[in-house]
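Participant: Sharing a model prediction with you, sequence too.
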Amino acid sequence: MIRDILANTMKEALKAKDVRRTSTVRLIQAAIKDRDIANRGQGKDAVSDDEIMQILMKMIKQRDESARIYAENARPELAAQELEEIEIIRSFMPEQISEEKVRELCASVITETGAQGLRDMGKCMNTLKDRYPGQMDFAKASGLVKDLLK
């Protein structure tokens, strides 16, 4: 389904001669194709929508880091380009869950899974990743779960 959305967005961007959107969608499609090829080599199926969400999250994280580095090194035009790409990538993702709601979800998953300590953190994080792919920053959620389990 996400692949169809990307393909349609690519067509629209090409027609509109939107260079930034076209190049960003191409980068997304290339990353998905790379993962498809890697999966095929391991005898797995094509990338699922959940895996595509993980790819998009990784791409956002990479661009966020690049934008920060460019800004620190007085390259605002490159930082702005990275931030534009982040917005384009985010447009293909479901709406992000608010920080307060993430805290609530972390607490409820801990209760639900019966987690007792840090050794149960993986169980909690796997549950969150299964239920909310692409809807929250799992690095932040991991920190919250860790704090709540202490």
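Facilitator: All right, it came through fine.
Participant: where along the protein do the helices fall?
Facilitator: 2-16, 19-41, 49-72, 76-90, 99-113, 121-131, 138-149 (DSSP state H).
Participant: who touches the fourth one?
Facilitator: Counting by CB atoms under 8 Å, 6 or more residues apart in numbering, helix 76-90 makes contact with 20-21, 24-25, 27-28, 56, 59-60, 63-64, 66-68, 70-71, all of which sit outside it. Any C-beta I mention is one placed from the backbone N, CA and C, and that applies to glycine too.
Participant: 7 Å instead?
Facilitator: For helix 76-90, the external contacting residues (CB atoms under 7 Å, 6 or more residues apart in numbering) are 20-21, 24, 28, 56, 59-60, 63-64, 66-67, 70-71.
Participant: Spatially, which two of those residues are the most separated?
Facilitator: The distance between the two most remote of the contacts of helix 76-90 (CB to CB) is 23.5 Å, for 28 and 71.
Participant: if I look at the residue nearest the centre of the chain, how far off is residue 27?
Facilitator: Nearest to the geometric centre of the chain sits residue 57, at 1.4 Å (CA atoms, centre = their mean). Computed as CB to CB, to the nearest Å, the residue 57 to residue 27 distance reads 14 Å.
Participant: likewise residue 121?
Facilitator: In terms of CB to CB, residue 121 sits 33 Å off from residue 27.
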